[in-house]
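**Student:** 3D, please:
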Amino acid sequence: MSQSNTIEGLYLDHHRWLTGWLRHKLGCPQGAADLAQDTFMRLLTARETPDIAQPRAFLTTVAKRVLFNHYRRQDLERAYLLALAEQPQALAPSEEERAIILQTLMELDQLLDGLPSPVKRAFLLAQVDGLSYADIAAQLGISIATVKRHLNKAAMRCYFAL
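**Tutor:** Predicted coordinates for the structure are as follows:
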């Protein structure tokens with residue numbers, strides 16, 4: 001494997017370029033630097049380093065996934081903060097509890113990634129909102145049997161992720 005195909009070689013040869021590419025996408029130098037590091041961390045933690053014929057195209061593909069996850073985290077955090085703002089002040093969690101809840105939500109989102117939207121929605125209605133099968137079926141406009149299938153599919157995803 002040539003030096004340019006190692007993670008170290010990719011980093012040395014393309015880190016500055018990738019950071020610039022991400023800065024252009026984000027408009028934030030600090031965020032771009034963080035996401036460039038996240039991109040290379042993803043490569044370091046990958047099971048295998050593929051043989052890379054076009055390093056910049058490869059890094060762009062990986063960085064797009066990291067960027068997508070970044071935007072998803074932002075959306076999730078924004079939704080969580082909006083939900084918190086609707087709660088009475090007396091019920092508001094502490095800063096530590098907020099951080100734990102947000103981290104748990106992000107892990108749950110990542111865990112459920114790839115499942116169809118109705119399956120995720122049914123799972124969240126059951127687990128987060130505590131709705132019954134009948135209530136989920138009514139809210140989603142599906143049968144109770146379909147709710148059960150959706151929840152089984154989500155539970156299997158969770159089980160095998162552990």
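
**Student:** Pull the distance from the worst-scoring helix or strand of the chain on mean pLDDT to the chain's centre.
**Tutor:** Lowest by mean pLDDT, DSSP states H and E among the helices and strands of the chain is helix 95-112, with a mean of 86. Put simply, helix 95-112 sits 11 Å off its chain's centre (Cα atoms, centre = their mean, to the nearest Å).

**Student:** buried set for it?
**Tutor:** 102, 105-106, 108-109, 111-112 (16 or more other Cβ atoms under 10 Å). C-beta: built from backbone N, CA, C; applies to glycine.

**Student:** Tell me, domain by domain, which residues of the protein belong where.
**Tutor:** Listed domain ranges for the chain are 1-93, 114-162 (source: automatic domain parsing).

**Student:** Columns mean neighbour count on top of those domains, output as CSV?
**Tutor:** Shown next, in CSV, are those (neighbours: other Cβ atoms under 10 Å):
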stretch, mean neighbour count
domain 1-93, 14
domain 114-162, 15
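
**Student:** Worst mean pLDDT among those?
**Tutor:** Within these, confidence is poorest for domain 1-93, with a mean of 86 (mean pLDDT).

**Student:** close enough to count as contact, V119 and K153?
**Tutor:** Yes: using Cβ atoms under 8 Å, V119 is in contact with K153, at 5.2 Å.

**Student:** Mind putting the buried residues of helix 95-112 into CSV with distance to I136?
**Tutor:** As requested, those are exported to CSV (distance: Cβ to Cβ, whole Å):
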residue, distance to I136
L102, 24
L105, 19
M106, 23
L108, 17
D109, 19
L111, 19
L112, 15
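
**Student:** can you list the residues that contact stretch 141-150?
**Tutor:** 118-119, 122-123, 133-134, 136-137, 140 (Cβ atoms under 8 Å, 6 or more residues apart in numbering).

**Student:** Would you map the helices across this structure?
**Tutor:** For the chain, applying DSSP state H gives helices covering 7-26, 29-45, 55-85, 95-112, 117-127, 133-140, 144-161.

**Student:** tell me what the longest one is packed against?
**Tutor:** Where contact means 3 or more Cβ pairs under 8 Å, 6 or more residues apart in numbering; DSSP states H and E, helix 55-85 is packed against helix 7-26, helix 29-45, helix 95-112.

**Student:** what distance separates the longest one from the middle of the whole chain?
**Tutor:** Relative to its chain's centre, helix 7-26 lies at 21 Å (Cα atoms, centre = their mean).
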